[in-house]
Every structure is written in structure tokens, then in C-alpha cells.
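Student: just coords:
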Ligand SMILES: Cc1cc2nc3c(=O)[nH]c(=O)nc-3n(C[C@H](O)[C@H](O)[C@H](O)COP(=O)(O)OP(=O)(O)OC[C@H]3O[C@@H](n4cnc5c(N)ncnc54)[C@H](O)[C@@H]3O)c2cc1C
Ligand SMILES: Cc1cc2nc3c(=O)[nH]c(=O)nc-3n(C[C@H](O)[C@H](O)[C@H](O)COP(=O)(O)O)c2cc1C
């Protein structure tokens, strides 16, 4: 499968996790990894599965590197029907009311443009004891299995 | 080592080979090319190493720190109750564990090794040594007992090995400053023991906070509320404190959206809580003198409403960090650093050392990435440079494995309501680094 891991970050935690996901999937798939600030939403491909890894800042806002991408989704409304993606959110549960809202926002914007979210959104709490990769790697394996199932049914 | 290529063969292919032949150094399967020294293993130094090694895994990047432990202000500045922010250190650990950077702790450049000698031994040197002194107010009374700088106080709260002991603040402390460090101090000073659960605040600072008998805590900004530097998120966090009653002095609303956000956060916490510690925010007051005979009794200020003296049993200045004069910083920066941090041929500056005491961890990351690109563009490799050989014979250098032993011991010693118990003296840190099981 062609997979593209896209990250939105400020202090690099999301990038590190995106690298881990890329490494873990590389044996079985053709995987790329990119910063959201280097990607135009209109260029997302139908033959690629997108894994979005994104943190949260401010009061539930997007991290700096995800903002141009989100802005483009909002303003240009590209047609993303046929595009599949999964979302992993990084945050800090100390910010209880806005916990991982950045990733929710990004998923909502993608869906509003017609993209399809596969599997449940997964989250990581920077104040917790878990390592993000320990949560993300089993999650992405399951998401990809779901995606393969669904692709077969179509 | 790469299959079929001896170190000598590949060595002769290196760009600047042939000066004085040395055995090519290897790291795992990688033949090391250029050598880069980074002075200071705080966030800026770590992000710089990360960016350099991501583009060029063949470089030898050595991170040097005066302390036996890495991570700078991520360990000794970021507040004990902000463990989510401190978690960037997980990322920094990878630079040593997976990207091949080396740590040389307990090594102060300028004291143990002269900067010139370091520069001669490496193809490029980066000064990411931060700033450690408190900026002065330059008003009368500043040196009275009872006046404390936030650099000293935050180091003490974070149990830095060179920290002073925590001072008695009395019933009416005043914090002067409107940045995030001022808010960190205010928040910690107001927290109940239960609100500190999960932090790494040590037993000494915990007992100190519990013994404080603060009745009224005034936080004074020199600029109007519209220019306060607080992050709105940090302001909102005060709205969760249980021990306080907060009053925010009236201010003129702004029409700039970013400013409105900060002002909204201030308006939202005005009137919060019914706790015994009265917290008062005041703005637009220029301090003119610190009053008192053998100890501070008040802060004289001048505002649009005229002159006022705010009663103070202690004054904490949180107006920024300054250079302690190390590494000839002022002379190096006097010409003005070039864009992307270049100070001189093969010498670069990064982070707070270069920019002054401004900027978050996120900003040190983007800044480090730009500086790394500049270094890689200019790098001229001379295999004759000896790198870390110049440290031979220095006593008690701590490598990353030594830090990992300290880290493991600190986590194992943590009380049930804490995530870590720091060793507080250099001797204890060195001792823990030596313990192998
Ligand atoms: C109290 C406080 C709280 C903060 N909280 C936050 C926060 O919550 N979030 C956030 O994003 N930012 C925060 N910041 C800002 C953040 O810490 C800085 O942006 C960042 O640490 C800048 O990093 P630096 O690497 O330039 O300096 P530093 O972190 O100070 O690192 C410099 C390192 O150099 C070493 N060193 C100094 N001199 C020498 C020498 N001669 N030889 C060898 N080593 C030397 C020091 O020991 C130190 O480890 C805070 C800052 C302070 C002061
Ligand atoms: C100023 C600031 C504001 C934050 N706001 C939120 C927030 O509203 N919600 C949340 O879940 N996490 C919040 N976080 C936590 C970050 O999302 C978390 O630390 C994450 O791991 C950062 O990932 P990154 O390094 O990829 O940017 C905030 C962190 C900072 C420093």
C-alpha cells in the first residue's frame, strides 16, 4: 500500500511519532513522511492512505506547521472525495477542555472537503506515562487492517 | 563499517583529506566525516544536533554541558508542574540513543577547555549556552535583602545544583514582570500540595511552598495589559487554582485580535476563587525605587494615576535573563550575528545565548533548524581536526549512559505523588552517574 504520514508540530513530538510510524510500516508498505507545512491539500492522492499526526496549541488550536494546510482546506475547499485518512492527536490532558482539539479540527476540515476517515481517532497525553509510539503502532496496524477490509468490500 | 571498504580507502575519498593522515573514525556502520561541537545541551543545542544529524548522519555531533546532566532549561527552567512540556526530553534522548550524538557533561567551556582550543578541534562550533543571570532593574534599593531574581528562584525551585536556598517571601510578595516566567512563579506559589501531584517538585521546594504564608500576592507589569507577554493559556491555567481569589485591575480594551485574546483570558480570571491568597494583577506601573532600610518594605511605582508604593515583604523580579559574562558573549555579538546565527568563521550562536531571553522551546526548534542549514552549507571538513581528543585527561566527564543512570535512579527514588526526585548537588549527580549495577 502507498502510505503518506503527515505531521503538524511545534516542538517536534508529532514529527518524532510520524518518523516512528514511517519506520514501522516501511517493511510492508511504500511509506513517505512530510510536514503538513510542505503539503498542499489539493495534491493528496486517492491511491495513497494518509496518516495524520498532529498536536494542539493555544486554546485547542492547530500547531504552527499545520496552519497553512488547514487554511487552504478552509479557503479553497478542494474536492477530497475518495481520499482516505486516519488521525492521531497529540495533546496534554492538563488542558482538559481542549485536549487534542487540533487533531479534531484537522479531521473535521478534511471530512468537510469529502475525505473519509478510517478507524477511530487515537490520542496521546504528554503528561501521561505512555510513550506515543506504544499507542500509535498497534493503532495504525488496526486502522490499516480495517482499511484493507473496507477496500475489499467496495 | 561498510562492507568491503576499509576505513583508509573511504578516508581518502573525503573532501579535505590528505592533510595529516588520521585513521577515519567510525560510528556503527557510519564513517564519521565532519565534527561539530555544541556548547550547551539545552533545547537549542539538542534541536540543533537533531537537525544536523537528520540531514547528515555521517557527522560527529558532540553536545557539551557544564552540568553533569543534559537538557538545560527543559530540566531546570520549565515548571515542575508542567511535565507535558518537559516531555520534549524524550525526543532529545533519541538524539543520543539513535542519531549518534555524544554527550560530554560536567565540562565547562571557558573554564575546563578554552573556547579557542575547542574551535580548533572541531570543524564547526555552536554556542548554545543560554543565559544564566538575572537582568537588573537599575533602580535604587535593588540590592536590599528580600529582592530576588527569577533566574535564581526558578533554579532553586527546580533544584539546580548551583541554586541558592529558597528565601522567606513573607505575607506580601510582589512579582515584577509580565512574562510566562512570572506566571509560572505565581502559579506555583499559590498551589496546594494536592495541586502539585504528578510534578517533579522536590521535597525541599515542596516544604518551602507549604510553609509560605502568603496573604496578598501582587503581580506588577511595567507595560499596559495590552502589551503583557503572558501566553493566554498560562493565564487561563490560573483559573483552576483553588487557594486564590484573583483580582485584575481594569484596563483599556485593545482592537488587535491577539491582544484581545490575552485580555479576554485576564478578564475571565478576574474574580476567580474565594481562597485565602489574594492575587492582584496591576499594569502600566514603572518601578522607580525599592523601599526599605535593612530589608524591602515596598515597591515605589509611577503610573498614569501618579506615584504609589505597593507594600512588599519581598520582591521577585521576573524581567528576563542576562548574560553572566561567559564565553565572551558580548564581544562575539557586538558585530551583530549574521542571519541564521553565524558569529565568525566556523562559529555560530543559537537559542537564548544568541537572541537574548526571548522565545519558547518551539521557537528554539525552528531557529535551530535554520542555523543547522547554514552550518551545513558552510561546513568545510578537515580530517586533521582531533575533536573530543582534547578532552582526554579531564576528570569525571559524564557521557549519555552516565545521564541514563542518573535518570533511572531519580525516577526510582520518586515519592508516590511525584514522577522524579532530583539529585540536588553536583556530587550526588556524579555519584549516581558512577553507579553501575
Ligand atoms: C523559568 C523558565 C521557564 C520556562 N518555561 C517554558 C515553557 O514552559 N515552555 C517553553 O516553551 N519555554 C519555556 N521557557 C523557555 C525555554 O526554556 C527556552 O526557550 C529554551 O530553554 C532556550 O534554550 P537554550 O538551549 O538556548 O538555553 P538553556 O536551556 O539555558 O541551555 C543552555 C545550556 O548550556 C549550558 N552551559 C552554559 N554555559 C556553558 C559553558 N560555558 N560550557 C558548557 N555548557 C554551558 C547550561 O548548563 C545549559 O544546560 C522557560 C524559560 C525559563 C527561564
Ligand atoms: C502553550 C501550549 C498550549 C497547549 N495547548 C494545548 C491544548 O489546548 N490542548 C492539548 O491537548 N494540548 C495542548 N498543549 C500540549 C501539546 O499539544 C503537547 O505538548 C504535544 O505533545 C506537543 O506536540 P508537538 O511537539 O508535536 O508540537 C499545549 C502546549 C503548549 C506548550
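Tutor: Great, that's in hand. None of these values were measured; they are calculated from a predicted model. Ligands and ions are numbered 1, 2, ... in the order given.

Student: got the residue ranges for the strands in the stretch 1-150 of chain B?
Tutor: For the stretch 1-150 of chain B, the strands defined by DSSP state E, counting those that start in this stretch occupy B:26-27, B:30-31, B:35-39, B:60-65, B:102-105, B:124-127, B:133-134, B:147-149.

Student: what's the closest non-adjacent residue to residue 107?
Tutor: You didn't say which chain, so I picked chain A. Leaving aside its sequence neighbours, residue A:107 sits nearest to residue A:87 (CB to CB, 6 or more residues apart in numbering or on different chains; 4.6 Å). The C-beta positions use only the backbone N, C-alpha and C, and glycine is treated the same way.

Student: could you do chain B instead?
Tutor: Sequence neighbours aside, residue B:64 is the residue nearest to residue B:107 in space, at 5.2 Å (criterion: CB to CB, 6+ apart).

Student: how about residue B:284?
Tutor: Distances taken as CB to CB, 6+ apart place residue B:224 nearest to residue B:284, at 4.3 Å, with adjacent residues excluded.

Student: which intervals of chain B have sub-threshold pLDDT?
Tutor: B:1-23, B:337-338, B:437 (pLDDT under 70).

Student: show me the strands in the stretch 151-300 of chain B, by range?
Tutor: Taking DSSP E, counting those that start in this stretch, the strands of the stretch 151-300 of chain B run over residues B:173-176, B:216-220, B:244-248, B:277-282, B:286-292, B:296-303.

Student: in chain A, what residue lies closest to ligand 1?
Tutor: Going by CB to the nearest ligand atom, ligand 1 is nearest to residue A:11 of chain A, at 7.1 Å.

Student: SS state for that residue?
Tutor: Put simply, residue A:11 is coil when judged by DSSP: H, G, I helix; E, B strand; the rest coil.

Student: report the separation between it and residue B:199.
Tutor: 19 Å (CB to CB, to the nearest Å).

Student: of these two, who's got more company?
Tutor: Using other CB atoms under 10 Å in any protein chain shown as the criterion, residue A:11 and residue B:199 rank with residue A:11 on top: 26 against 22.

Student: residues contacting the more buried one?
Tutor: A:55, B:88, B:91, B:361, B:362, B:365 (CB atoms under 8 Å, 6 or more residues apart in numbering or on different chains).

Student: and if we set it to 7 Å?
Tutor: Residue A:11 makes contact with B:88, B:361, B:362, B:365, according to CB atoms under 7 Å, 6 or more residues apart in numbering or on different chains.

Student: coming back round to it: make sure I have this right: the residue nearest to residue A:107 is in a helix.
Tutor: No: note on residue A:87: no helix contains this position according to three-state DSSP, which reports strand.

Student: which residues does it bridge with?
Tutor: With DSSP bridges as the criterion, residue A:87 is bridged to residue A:52.

Student: how many other residues sit next to it?
Tutor: Neighbours around residue A:87, by other CB under 10 Å: 24.

Student: ligand 2 versus that one, what's the distance?
Tutor: The gap separating residue A:87 from ligand 2 is 14 Å, by CB to the nearest ligand atom, to the nearest Å.

Student: tell me the contacts of residue B:86?
Tutor: Neighbour list for residue B:86: B:74, B:78 [criterion: CB under 7 Å, 6+ apart].

Student: over to residue B:63?
Tutor: B:38, B:41, B:45, B:49, B:70, B:101, B:103.

Student: go again using 10 Å as the cut-off
Tutor: Residue B:63 makes contact with B:36-42, B:45-46, B:48-49, B:70, B:92, B:95-96, B:101-105, B:126, B:128, B:400, according to CB atoms under 10 Å, 6 or more residues apart in numbering or on different chains.

Student: check these against ligand 1, which are close?
Tutor: Contacts with ligand 1 are made by B:39, B:40, B:41, B:42, B:45, B:128 out of those, judged by CB under 6 Å from any ligand atom.
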